[in-house]
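A.B. asks: what follows is a predicted structure for the sequence shown.
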Amino acid sequence: MPKTYLCFLWHMHQPFYKDLVSGEYRLPWTRMHALKDYYGMVKILEEFPQIRQTFNLVPSMMVQVEEYASGEANDPFLNLALKPAEKLTHEEHAFILRNFFMANPSRMIYRYPRYGELYSAYQAQKPLNDARGIFGAQEYRDLQVLSQLAWFDEEFIDKDPEVQELVAKGRNYTLEDQARMGRKQREICACVIPEYRKLAATGQIEISTTPFYHPILPLICDSDIASVAHPGVPLPPRFRYSVDAKMQLERARDYIQHTFGVAPAGLWPSEGSVSDEALRIASSVGFEWAATDNGVLGRTLNRPASPEVTYQPYRWQQGGESMNMIFRDHVLSDLIGFVYSGMGPADAASDFLRRIRDNCRSIHASGRDALVPIILDGENAWEYYDRSGRPFFRELYQRIQDDPGMEAITVGEAFERMKPAPLDRIFPASWINANFDVWIGAEEDNRAWRLLLAARQAYEAALDDPSKQIPEDRRKLALEELLISEGSDWNWWYGPEHESANRVEFDQIYRDHLANVYRALGIQPPAELSHSILKTQVDETRTPPTGDISPTVNGTIDSYFEWLGSGVYRVEGKQGAMHGKRELVRDVHYGRNAWQGYLRVDFAEVGASLEKLEIQVVSGETGDVVVATVRLQGGKAEVRSGTATAAFSDVLEISVPGEIADEGMGLAFWQDGLPIEAIPREGCFRITEHEM
């Protein structure tokens, strides 16, 4: 009798959140998913020995898991979760309230009654932007503990006595409870890699991988290829570095082999993105199979990707290289990812298997076996399921085991069971809409690519310049930051397609990685990196100038009248500040007379936090021409470059020649080589005759 083979491939991935220069983790999501999904998704298979699956592990994510397991990771989110509530500052209170409710309310927050109480209280006070009246030390400590417990894996909630005790306590947690919660997190993270090793050694799972930092390989090889899937799409200057694509692939294979003892045969190209060139490179470095979406298969074959077309393996061959391939059932995969969380476990499992049987009926009638590829994110969907999806998986896996006509196998086994059909080409596209529009073509996307290209070219130029003696460790750091910046995650949030509470942070992290490239090479990063790539910005208030001004540049406001007539720019409600979690600037005054342009910076606070702050005076249409650099040190302002006069005491005052003011004036703030702020957010202050 013909058989149905189910190929589950779970893609485990988070962006690289660590800043290689500061050593700080900028967002906590790798840790949070390590507590729950990375471990639990593979652990549950021990209950179902006949269920074999493929787990795709992204190396840059696993490196972070290893650091959390060893206790090396410097995560400010975790640090605040463990800090005594009585010692939290007002700014830390605000940070906790902003970030410690980032979980699914119905499945994760209200699962714990006290966590739900705190969430409801916070939501009620949120319009007032002040929870100080209802949150005391005990409320904050309960929030610190419960916001972490909500991410603990069901395995520990059900079986670990210490975790069970914390859950049962429910409220009124102590400092000892906080410390135990932190210790258990490290223990759970330390379980992740051994569990994968264990099941891989038995053959129950196959481990595949993705290029090291999750880049879109076809675009790294040649960004212009995006126009094949979307003719006429606006594109940035051409990025073409196939050597980087090969490096990302080689390093991924090396990492998996070193960590698990066996080199991976399989590849889930980042975002399922493929092209002939990308497959040739992957084949040349040793990968034997790859997977993508059946939308790509449909465009390759120029026909609908029906089950009859999708449910079989293929073999791509071109130019002496070859690659076995499977193409995921888009509909079935998305049902698990987005629909079944709203159904009961038994109903969801029943519906899923019924659809598979219906899809395979005509294939079996022709005497053929059917291979059903189900490929999706292995982490983000489960926070929408009851108890992280474990009841659903138990229903599904048991039914598969009990059905003699079905067998769950690894991707590698699929090519042993069924003969692949030939392919002599692959359509260049990703798993989303069979094109690359999510990552290139929109204004924000293209600007990100342009900045990446500039950094890549600066790296090449620095290495080719015999006058630059770049130490080997700095060269390696610059290259590492470039490879990180090539990851797909940053452009996932640029453009109109996706939204996130952390979108501003993602933008800052991306620009910081690029800035680190220049820093490692001993080059001043471009001023443009201080400007957000996002078009959606924080609120700002701007009042234009009303007359000429001629203040004395001495760092002190001598009288109310000397800046009377200046324009005023104020940032209100700034969020997502990742450096010190503070507001740097309260407002900037700007103006001019016939001979000079003037800028005055009123800082939110004056003190040690401003030490070694560098302020670039920028000009030009887009505010990316640096005309002067001022450094604050020892409580004074020093002009380090350009034509300007500056003084700092109570405020920072700067004057520049009138011809510079004619081209516009702006400020970019840097500290420790990283961009902190740009004012204004877009372009420069321009003072027109109409305003005067």
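C.D. replies: Perfect, thanks for sending it.

A.B. asks: list the contacts of Ile660.
C.D. replies: Gly597, Val617, Ser619, Val627, Thr643 (C-beta atoms under 8 Å, 6 or more residues apart in numbering). For the C-beta atoms, the positions are set from N, CA and C on the backbone; glycine is no exception.

A.B. asks: mind checking pLDDT for it?
C.D. replies: You'll see Ile660 listed with a pLDDT of 88.

A.B. asks: any idea how far it lies from Leu529?
C.D. replies: To Leu529, Ile660 is 21 Å away according to C-beta to C-beta, to the nearest Å.

A.B. asks: circling back to that earlier point, of the contacts of Ile660, select the buried ones using a ChimeraX command.
C.D. replies: Listed next is the ChimeraX selection for buried residues among the contacts of Ile660, using 16 or more other C-beta atoms under 10 Å:
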select :597,617,619,627
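
A.B. asks: please parse this protein into its domains.
C.D. replies: For the chain, automatic domain parsing gives the domain ranges 443-523, 540-679.

A.B. asks: which stretch among these comes nearest Asn294?
C.D. replies: domain 443-523 (20.3 Å; C-beta to C-beta).

A.B. asks: tell me the strands in the stretch 151-300 of the chain, going along the chain?
C.D. replies: 205-209, 266-267, 289-293 (DSSP state E, counting those that start in this stretch).

A.B. asks: most tightly packed of those?
C.D. replies: strand 266-267 (a mean of 28; mean count of other C-beta atoms under 10 Å).

A.B. asks: who are the packing partners of that strand?
C.D. replies: For strand 266-267, the elements it packs on are strand 205-209, strand 289-293, judged by 3 or more C-beta pairs under 8 Å, 6 or more residues apart in numbering; DSSP states H and E.

A.B. asks: pLDDT on it, on average?
C.D. replies: On average, strand 266-267 scores 98.

A.B. asks: Phe392: which element?
C.D. replies: helix 390-402 (DSSP states H and E).

A.B. asks: in that helix, what's buried?
C.D. replies: Arg390, Pro391, Phe392, Phe393, Glu395, Leu396, Tyr397, Ile400, Gln401.

A.B. asks: sorry, back to before: pipe the domains of the chain into TSV and attach distance to Phe48 per row.
C.D. replies: Listed next are these as TSV, based on distance: least, C-beta to C-beta, whole Å:
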stretch	distance to Phe48
domain 443-523	32
domain 540-679	42
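
A.B. asks: just give me the lowest mean pLDDT stretch among those.
C.D. replies: Among the domains of the chain, domain 540-679 scores lowest, at a mean of 83.

A.B. asks: nearest to Val42 among the buried residues of helix 390-402?
C.D. replies: Phe393 (11.2 Å).

A.B. asks: that closest one against Val42, yeah?
C.D. replies: No. The pair Phe393 / Val42 is not scored as a contact, 11.2 Å apart, by C-beta atoms under 8 Å.

A.B. asks: what packs against the helix ranked longest in the chain?
C.D. replies: Among the segments of the chain that qualify as a helix by DSSP state H, the longest is helix 175-202. The contact analysis (3+ C-beta pairs under 8 Å, 6+ apart) places helix 175-202 against helix 29-43, helix 59-70, helix 76-82, helix 137-149, helix 161-169, strand 205-209, helix 242-260.

A.B. asks: surely Asp369 and Tyr5 touch.
C.D. replies: Yes. At 6.5 Å, Asp369 counts as touching Tyr5 under the criterion of C-beta under 8 Å.

A.B. asks: on that earlier part again, put together JSON lines for the buried residues of helix 390-402, with pLDDT and distance to Thr552 on each row.
C.D. replies: Below are the buried residues of helix 390-402 laid out as JSON lines (pLDDT from 0 to 100; distance: C-beta to C-beta, whole Å):
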{"residue": "Arg390", "pLDDT": "97", "distance to Thr552": "70"}
{"residue": "Pro391", "pLDDT": "97", "distance to Thr552": "73"}
{"residue": "Phe392", "pLDDT": "97", "distance to Thr552": "71"}
{"residue": "Phe393", "pLDDT": "98", "distance to Thr552": "72"}
{"residue": "Glu395", "pLDDT": "98", "distance to Thr552": "77"}
{"residue": "Leu396", "pLDDT": "98", "distance to Thr552": "75"}
{"residue": "Tyr397", "pLDDT": "98", "distance to Thr552": "77"}
{"residue": "Ile400", "pLDDT": "98", "distance to Thr552": "80"}
{"residue": "Gln401", "pLDDT": "97", "distance to Thr552": "83"}
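
A.B. asks: I'd like those residues as JSON lines, with distance to Asp37 appended.
C.D. replies: Putting the buried residues of helix 390-402 into JSON lines (distance: C-beta to C-beta, whole Å) gives the following:
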{"residue": "Arg390", "distance to Asp37": "11"}
{"residue": "Pro391", "distance to Asp37": "15"}
{"residue": "Phe392", "distance to Asp37": "14"}
{"residue": "Phe393", "distance to Asp37": "12"}
{"residue": "Glu395", "distance to Asp37": "18"}
{"residue": "Leu396", "distance to Asp37": "16"}
{"residue": "Tyr397", "distance to Asp37": "16"}
{"residue": "Ile400", "distance to Asp37": "21"}
{"residue": "Gln401", "distance to Asp37": "22"}
